[in-house]
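S.K.: For reference, the sequence and a predicted model appear below.
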Amino acid sequence: MVNQTVMSQKQRYSLVGTGGRARLYVDALADTQREHCRLVSMCDRSQVRMDYYNRHLQEEHQHGVVPTFKADRFEEMIETTRPDIVIVCTTDVMHHEYIIRAMESGCDVISEKPMTVDVGKVQAIRDAIQRTGRSLRVTFNLRYWPLAMKIRELLLEGVVGKPMAVDFSYVLDTSHGADYFRRWHREKDQSGGLLVHKSTHHFDLVNWWIEGQPQSVYALGDLKFYGKANAESRGECYEYGRYTDEVKAEKDPFSMPLDGKDHRGFRGSVLRSLYREAEAETGYIRDQNVFGEGITIEDTMAVMVRYNNGAVLNYSLVTYCSWEGFRLAITGDKGRLEVYVKYGSHIIAENGGDESDEAEGDEYQERLEVFPMFGHPYKVDVPKGEGSHFGGDAGMADQLFSCDPVADPLNRAASEADATASVLIGACANQSMQTGLPVNCLELLEGRPQAE
Ligand SMILES: NC(=O)c1ccc[n+]([C@@H]2O[C@H](COP(=O)([O-])OP(=O)(O)OC[C@H]3O[C@@H](n4cnc5c(N)ncnc54)[C@H](O)[C@@H]3O)[C@@H](O)[C@H]2O)c1
């Protein structure tokens, strides 16, 4: 009887979208947050992927089988399993659909980033919030990374004074960066392009750090490295459409076969179970050739943003670098803060195939320095967070699923308004890349001219 009462008091969650990222939520709900949370159902286009998670729940967490529903039975799932909160973890272009349908069915929503892929869908979500009175949290896990929190703390303490200029240069390596060109992210209408899908994290961090609202955006971007035409212009020829079972792709350093072998930081058994074994069901091909046809996103991007507090951001994203990390500088009227982070790189032996993820001198490096305007510069030590996304995932899950309000002096919990601001920068950048002109953020969002 006591147990039943405790069970019934648990917050009930449904998970829509059971691909790679879903694991964070499944593990949190079935393990670290199990005392006060309950995963009551899962929904996806793929039964194979949902079955994988049910096996994972039983084998890794000694958890019972969770009821599963194919995508066309979403409302039935809500009716029969009665979640309080729906977690949306589908491909980006479907977020708005499930956010809105969940709210209309009486649920609050937690959505993976980006909130959605374009401003029309942003507006539809905002309308649904107004209409239903339900709440939306967007999971910007990087806000919970100890380094990102330290930067926010230092800025709140006023170490640079009023932030006026931000330089943020981000590079993705040929493993992580290439991965966006192997699957749905490579199509702009599915992901919004990387200035929405990926940079939503970075724009959100800047908006949060400097407490600014974007006003206008100018951007340039191209597909310069990946894609068939670029490979051909370098005299390279890749005949295969995908990598799995392709003998010729064996020595291709960009290859990612779904044959069960581990691959540059990706677990082979998971890739095979989640994607290869589900192909016949949904036609989702996870390992497309990054030098194939059909890529409609950019791989090289530069963006300038003007903020309502007078600050300007100069941002770039390059997706085919030999190492991954970023350089950041925030300059204000009292000083400057500089950050350098190198996550390490993936070195491929010349014979192809073999690799060393941790070449000598290639380990994680982090440097945070403050340069007061007329004072001595000093370094700030930040503990490296443990686990996925440098501790960001665990920190976020603790706050997201806690039954008691967690003290949040840094204001890390991201609302729909925060998520709108970061998608808006990406959407304006997309328009600016098309037209060659700067874009006014509010004009794009509201579809009407704004007073200067
Ligand atoms: N915050 C982070 O650090 C982080 C990291 C990775 C992914 N993500 C986000 O998580 C989400 C999922 O990414 P992923 O890497 O797991 O992708 P994935 O391709 O592995 O999984 C996407 C899942 O969505 C399902 N899906 C597609 N259309 C659907 C529909 N109409 N109805 C129901 N299910 C549908 C697919 O079948 C698949 O199982 C994305 O929004 C991505 O941006 C966030």
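M.R.: Perfect, thanks for sending it. Numbering: from 1, shown residues only.
S.K.: mind checking the backbone torsions on Leu343?
M.R.: I think there's a mix-up here, since residue 343 is Tyr and not Leu. Per-residue torsions, Tyr343: phi -80, psi -10 (degrees, to the nearest 10).
S.K.: burial count for it?
M.R.: Look at Tyr343: counted by other C-beta atoms under 10 Å, it has 18 neighbours. To be clear about C-beta, it is placed using only N, CA and C from the backbone, and glycine gets the same treatment.
S.K.: Can you tell me the closest non-neighbouring residue to it?
M.R.: Nearest residue to Tyr343 in three dimensions, chain neighbours excluded: Glu324, at 4.5 Å (C-beta to C-beta, 6 or more residues apart in numbering).
S.K.: I figured that neighbour hits Tyr364, correct?
M.R.: No: using C-beta atoms under 8 Å, Glu324 is not in contact with Tyr364, being 10.3 Å away.
S.K.: between these two, which one's more packed in?
M.R.: Neighbours were counted for Glu324 and for Tyr364 using other C-beta under 10 Å; Glu324 has more, 20 against 12.
S.K.: looking at this, the more buried one is in a strand?
M.R.: Yes: counting by DSSP: H, G, I helix; E, B strand; the rest coil, Glu324 falls inside a strand.
S.K.: what sits against the residue of the chain found nearest the ligand?
M.R.: The nearest approach of the chain to the ligand comes at Gly19, 1.8 Å away (C-beta to the nearest ligand atom). By C-beta atoms under 8 Å, 6 or more residues apart in numbering, the contact list for Gly19 reads 44, 49, 89-91, 274.
S.K.: What of Val341?
M.R.: 147, 325-326, 365-367.
S.K.: before we move on, the earlier item: touching both of Glu324 and Tyr364, which residues are there?
M.R.: Contacts common to Glu324 and Tyr364, judged by C-beta under 8 Å, 6+ apart, are 342-344.
S.K.: tell me, how many neighbours does Glu246 end up with?
M.R.: Neighbours of Glu246 using other C-beta under 10 Å come to 17.
S.K.: Quick check: bridge partners of Phe168?
M.R.: Residues in a beta bridge with Phe168, per DSSP bridges, are Tyr315, Leu328.
S.K.: For this structure, give me the ranges with low pLDDT.
M.R.: Within the chain, the ranges that satisfy pLDDT under 70 run 1-8, 345-362, 448-452.
S.K.: Trp323 and Tyr343: what is the separation?
M.R.: With distances taken as C-beta to C-beta, to the nearest Å, Trp323 is found 7 Å from Tyr343.
S.K.: what does Asp262 give?
M.R.: Counting by C-beta to C-beta, the gap from Asp262 to Tyr343 is 18 Å.
S.K.: Could you do Leu424 as well?
M.R.: From Leu424 to Tyr343 the distance is 28 Å (C-beta to C-beta).
S.K.: Likewise for Gln130?
M.R.: For Gln130, the distance to Tyr343 (C-beta to C-beta) stands at 40 Å.
S.K.: ok so, going back, tell me the buried residues within the contacts of Val341.
M.R.: When the contacts of Val341 are checked for burial by 16 or more other C-beta atoms under 10 Å, the buried set is 147, 325-326, 366.
S.K.: Adding distance to Phe181 as columns, could you present these in JSON lines?
M.R.: Putting the buried ones among the contacts of Val341 into JSON lines (distance: C-beta to C-beta, whole Å) gives the following:
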{"residue": "Leu147", "distance to Phe181": "28"}
{"residue": "Gly325", "distance to Phe181": "20"}
{"residue": "Phe326", "distance to Phe181": "20"}
{"residue": "Glu366", "distance to Phe181": "28"}
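S.K.: who's in contact with the residue nearest to Tyr343?
M.R.: Contacts of Glu324 were listed using C-beta under 8 Å, 6+ apart, and they are 171-173, 176-177, 342-345.
S.K.: Among these, which ones are in helices?
M.R.: Counting by DSSP state H, the part of these found in helices is 176-177.
S.K.: how about the strands of the stretch 201-350 of the chain, start to end?
M.R.: 214-222, 300-307, 312-321, 323-332, 335-345, 347-348 (DSSP state E, counting those that start in this stretch).
S.K.: Adjacent strands (with direction) for the fifth one?
M.R.: Spelled out, that is strand 335-345. Strand 335-345 is paired, per DSSP bridges, with strand 323-332 (antiparallel), strand 365-372 (antiparallel).
S.K.: And it, what's buried?
M.R.: 335-339, 341-345.
S.K.: What sits closest to Glu187 if chain neighbours are left out?
M.R.: Spatially, and ignoring its direct neighbours in sequence, Glu187 is nearest to Thr296 (5.4 Å; C-beta to C-beta, 6+ apart).
S.K.: what's around that neighbour, how many residues?
M.R.: Using other C-beta under 10 Å, Thr296 has 13 other residues around it.
S.K.: contacting residues for it?
M.R.: Counting by C-beta under 8 Å, 6+ apart, Thr296 has contacts 186-189, 193.
S.K.: could you redo the last one with a cut-off of 10 Å?
M.R.: Residues counted as contacts of Thr296 (C-beta atoms under 10 Å, 6 or more residues apart in numbering) are 186-191, 193, 223, 227.
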